[in-house]
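Participant: here is a sequence together with a model predicted from it:
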Amino acid sequence: MARSRRRSARPLVPLALALALSGCAEGEVKVRPRADKAPAGPKLDPAVERAIAAGDKLFFDRAACSACHKVGKRGGMIVGPNLGVGDGMEAPLAVRAKTRRPELAPIEYVVESMLDPDALVVPTYAPAVMKAIDDLPSALSDDELVAVAAFVASQGAAPPLEPADLERARAQIPRARASREARRAASAAAADPAPETPPAPSG
Ligand code: HEC
């Protein structure tokens, strides 16, 4: 940048991008590509980074989410929606979550999906295909649930997840379990109605 005569920011943009991509954006580059966008290569909080890495591993391994889901180009099965972009999904999960459940943070929606999958059934998909993870042999600890949720909710997350999101996910666990149990109790009651008051004996 030695002989920069900043007539306009434009010529610097490719340089800023190149520096960002090469991982040496280190605050030297004053001109960002777009003020309204997070800088490329956002720095993740270390706890968030660890959770995402652990969740990534679980997703494709013990939690067996990849038996049904792809994440972008990763994985091979598409019984359930691709959680990244692809196979008909145009926006990654973090973006989609806001339209599915605007009242929840994306990471909370993922926790709900794992523990109470029929709370919201994705349009064009069948209910009851995805089972509550608690009912499977792969049942996860709370830490593992938070990790998988962080991995899934990090798909397209802007701004990136923060430690507060991990806490949100953790707090969502008992809520999702409680609403699942309430839903089950309601549907059991509907399937097997309590006997009505027997008619008064005539005679
Ligand atoms: C047996 C297949 C199956 C497995 C295993 C499975 N899912 Fe699903 N999943 C589905 C199906 C089918 C849907 C769409 C219907 C619905 O919403 O329940 C879905 C929906 C979702 C959604 C909502 C997607 C959207 O576009 O809103 C998320 C998030 C999700 N699953 C996460 C997971 C995670 C995380 C795991 C692993 C813990 C997992 N799933 C395991 C079949 C599965």
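Facilitator: Okay, I see it.
Participant: show me what the biggest helix by length in the chain is packed against.
Facilitator: The helix that spans the most residues within the chain, counting by DSSP state H, is helix 163-191. Other helices and strands packing on helix 163-191, by 3 or more C-beta pairs under 8 Å, 6 or more residues apart in numbering; DSSP states H and E, are helix 46-60, helix 106-115, helix 142-153. Every C-beta, even on glycine, is put in place using the N, C-alpha and C of the backbone.
Participant: got these as a markdown table, with mean pLDDT and distance to the ligand columns?
Facilitator: Below are the helices and strands packed on helix 163-191 laid out as a markdown table (pLDDT from 0 to 100; distance: least, C-beta to the nearest ligand atom, whole Å):
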| stretch | mean pLDDT | distance to the ligand |
| --- | --- | --- |
| helix 46-60 | 98 | 6 |
| helix 106-115 | 98 | 4 |
| helix 142-153 | 98 | 5 |
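Participant: now render those helices as CSV, adding distance to Gly80 and mean neighbour count.
Facilitator: Formatted as CSV, the helices and strands packed on helix 163-191 follow (distance: least, C-beta to C-beta, whole Å; neighbours: other C-beta atoms under 10 Å):
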stretch, distance to Gly80, mean neighbour count
helix 46-60, 12, 18
helix 106-115, 9, 26
helix 142-153, 11, 24
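Participant: and of those, who's closest to Ala91?
Facilitator: helix 106-115 (11.3 Å; C-beta to C-beta).
Participant: touching, Ala132 and Asp116? I think so.
Facilitator: Yes. With contacts counted by C-beta atoms under 8 Å, Ala132 reaches Asp116, the gap being 6.4 Å.
Participant: so those two - more neighbours on which side?
Facilitator: More crowded of Ala132 and Asp116, by other C-beta atoms under 10 Å: Asp116, with 22 against 17.
Participant: excluding chain neighbours, what is closest to that one?
Facilitator: Spatial nearest neighbour of Asp116, excluding adjacent residues (C-beta to C-beta, 6 or more residues apart in numbering): Arg180 at 3.8 Å.
Participant: excluding residues flanking it in the chain, which one is nearest Gly72?
Facilitator: Nearest non-adjacent residue to Gly72 (C-beta to C-beta, 6+ apart): Gly84, at 3.2 Å.
Participant: does Gln172 touch Val111 like I think?
Facilitator: Yes. Using C-beta under 8 Å, Gln172 is in contact with Val111, at 4.1 Å.
Participant: residues near Ala91, how many?
Facilitator: Neighbour number of Ala91 under other C-beta under 10 Å is 14.
Participant: isn't Pro125 right up against Ile78?
Facilitator: Let me fix one detail, which is that residue 125 is Tyr and not Pro. No. If you go by C-beta under 8 Å, Tyr125 and Ile78 don't touch, sitting 10.8 Å apart.
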